[in-house]
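K.L.:
pasting the sequence and the predicted model now:
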Amino acid sequence: MPVIEPALRACPILGEAITVEYAKNDRTGKHAYLTPLVHADACTGCGLCEKACVTDKASIFVLPKEVAMGKAGSYYIKGWDKSDEKRLEEASSIKSTTEISKEKAIDSLNSNMEDLY
Ligand code: SF4
């Protein structure tokens, strides 16, 4: 039984959400690599494969979709999106009130770090 089999069998949509890619091991010429592939378009993110993994520390990690897909923060402005451009026009700034913020950036970088506190 390959070490990945429990994780594969745990998947409720095996064959769609997770498949195995077979590749010849050219170094030995006798063995194969069995590489599990998760297909983001079919995976539900249930995490059953991670729970079933037999390695001490699970070899597969199921992340929340917004983390895995790298969702941009709300502060990110897409230059090609007209509605985002409008958000930029309407944005307000907050003036810093620390002593060091009164200096020019280059001066503050060269100043004594005690000015920060
Ligand atoms: S997280 Fe995705 S790949 Fe893993 S068991 Fe669930 S559906 Fe299958």
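P.N.:
Yep, it's here.
K.L.:
spell out which parts of the chain neighbour the ligand.
P.N.:
Counting by Cβ under 6 Å from any ligand atom, the chain comes close to the ligand at 10-11, 13, 17-18, 38, 43-49, 62. Backbone N, C-alpha and C define where each C-beta goes, glycine included.
K.L.:
who wins for neighbours among those?
P.N.:
Of all the residues of the chain next to the ligand, residue 49 has the most neighbours under the rule other Cβ atoms under 10 Å, reaching 26 neighbours.
K.L.:
list the contacts of that residue.
P.N.:
Neighbouring residues of residue 49 by Cβ atoms under 8 Å, 6 or more residues apart in numbering: 7, 8, 10, 11, 18, 38, 60, 62.
K.L.:
skip the chain neighbours and tell me the closest residue to it.
P.N.:
Once flanking residues are discounted, residue 49 sits nearest to residue 7: 4.1 Å by Cβ to Cβ, 6 or more residues apart in numbering.
K.L.:
follow-up on the earlier one: can you name the two of the contacts of residue 49 that are farthest apart?
P.N.:
Spatially, the most separated pair among the contacts of residue 49 is 8 and 62, at 14.2 Å (Cβ to Cβ).
K.L.:
count of residues packed around the residue lying closest to residue 69 once chain neighbours are set aside?
P.N.:
On the basis of Cβ to Cβ, 6+ apart, the spatially nearest residue to residue 69 that is not a chain neighbour turns out to be residue 40, at 7.9 Å. Using other Cβ under 10 Å, residue 40 is surrounded by 10 other residues.
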